[in-house]
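K.L.:
This is a predicted model, with the sequence first.
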Amino acid sequence: METIHIRDEFIKLGQAMKLAGLVDSGVDAKLLIQDGQVRVNGETEHQRGKKLHPGDVFSYNGQDVKVV
């Protein structure tokens, strides 16, 4: 499982996807999230602005990423 490190209290899902290298742009992230292709902690997520905190795991295309 890949990890991304954040310095603040949270990171938004779209930003986290870019940081993890899963998408090239925020627009790409938005479309994938709206299409129901991204999961957060095992649940399908439809909000690009969903706040992720340390310990959260998001998944796209079979790749899991943990926020630390």
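P.N.:
Structure received.
K.L.:
on contacts alone, who are the packing partners of the helix or strand hosting residue 28?
P.N.:
Secondary structure from DSSP states H and E places residue 28 in helix 26-34. Other elements packing on helix 26-34 under the criterion 3 or more C-beta pairs under 8 Å, 6 or more residues apart in numbering; DSSP states H and E are helix 13-19. (C-beta placed from N, C-alpha, C; glycine too.)
K.L.:
buried sites along the helix it packs on?
P.N.:
Using 16 or more other C-beta atoms under 10 Å as the test for burial, helix 13-19 gives 13-18.
K.L.:
State the mean pLDDT of the helix or strand that the helix holding residue 28 is followed by.
P.N.:
For helix 26-34, the following helix or strand on the C-terminal side (DSSP H and E) is strand 38-40. Taken as a whole, strand 38-40 carries a mean pLDDT of 98.
K.L.:
now do stretch 17-25
P.N.:
Per-residue scores along stretch 17-25 average to 97.
K.L.:
From the opening residue of it to its closing one, how far?
P.N.:
Distance across stretch 17-25, first residue to last, is 9 Å (C-alpha to C-alpha, to the nearest Å).
K.L.:
same deal with stretch 43-56?
P.N.:
Per C-alpha to C-alpha, stretch 43-56 runs 11 Å from first to last residue.
K.L.:
which outside residues touch that stretch?
P.N.:
6, 9-14, 16, 26, 29-30, 33-34, 36, 38-41, 58, 66-68 (C-beta atoms under 8 Å, 6 or more residues apart in numbering).
K.L.:
can you do 7 Å?
P.N.:
Outside stretch 43-56, the residues within contact range by C-beta atoms under 7 Å, 6 or more residues apart in numbering are 6, 9-14, 16, 29-30, 33-34, 36, 38-41, 58, 67-68.
K.L.:
could you flag which of the residues you listed are buried?
P.N.:
11-14, 16, 29-30, 33, 38, 40, 58, 67.
K.L.:
if we can go back for a sec, I'd like the buried residues of helix 13-19 as CSV, with distance to residue 1 appended.
P.N.:
Listed next are the buried residues of helix 13-19 as CSV, based on distance: C-beta to C-beta, whole Å:
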residue, distance to residue 1
13, 17
14, 20
15, 19
16, 14
17, 15
18, 18
